[in-house]
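Student: Sequence unavailable; structure follows:
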């Protein structure tokens, strides 16, 4: 199934962004914090990571995702990952830098995952469209909108995303509902940078 066509059709519908959009072949698997903490690297808001798989830092961890967006581009052939977590649309210079990093990969076979956002904030998806136009990656997952705080683990060996169980247990009803206001979130914003 081509998830790009499903995603594009959803974008054309009236009310896009008002309800949760989840496009994935199966539900995301849970991983406990104890599983990833020894081999994990934290991806904070407004950071971009360019990594080739390394056993010492297998996982990228993005916690407390609310109004920001996580985008992963993973090359199946080389286990090379470009990970972005941003709260404002990347400027042209940063997008060019990200595109240049991806162009360094020889004959890429890219997979993309797009996770995050709340409050119908669709403007951040412009960078996703731009990366799609530049590289035509396979869209593997879309998990957008809704009112839940997300805790995500990206496995840089497998190129897959997982739910992170911070408390090493399954969350109960309403435990992940976001209580952060957009004003509180805006105070945490900064410029996107490579780490």
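Tutor: That came through fine. A quick note: this is a predicted structure, and the numbers were derived from the prediction, not measured.
Student: From the contact counts, what lies against the biggest helix by length in the chain?
Tutor: If you go by DSSP state H, the chain has its longest helix at helix 92-103. Applying 3 or more C-beta pairs under 8 Å, 6 or more residues apart in numbering; DSSP states H and E, one finds that helix 92-103 contacts strand 47-52, strand 80-86, helix 126-135. Every residue, glycine included, has its C-beta placed from N, CA and C.
Student: Residues touching that helix, excluding its own?
Tutor: Helix 92-103 has contacts (C-beta atoms under 8 Å, 6 or more residues apart in numbering) with 48, 50, 73, 82, 84, 90, 108, 110, 127, 130-131, 134-135, 192, 194.
Student: Which among those residues count as buried?
Tutor: 48, 50, 73, 82, 84, 90, 108, 110, 127, 130, 131, 192 (16 or more other C-beta atoms under 10 Å).
Student: What about residue 38, how many residues nearby?
Tutor: Residues near residue 38, counting by other C-beta atoms under 10 Å, number 9.
Student: Assign it to helix, strand or coil.
Tutor: Three-state call for residue 38 (DSSP: H, G, I helix; E, B strand; the rest coil): coil.
Student: and residue 108, what is it in contact with?
Tutor: Residues near residue 108 by C-beta under 8 Å, 6+ apart: 75, 77, 78, 80, 102, 135.
Student: Then residue 135?
Tutor: Residue 135 neighbours (C-beta under 8 Å, 6+ apart): 73, 102, 108, 110.
Student: Which pLDDT value does the model give it?
Tutor: Listed pLDDT for residue 135 reads 92.
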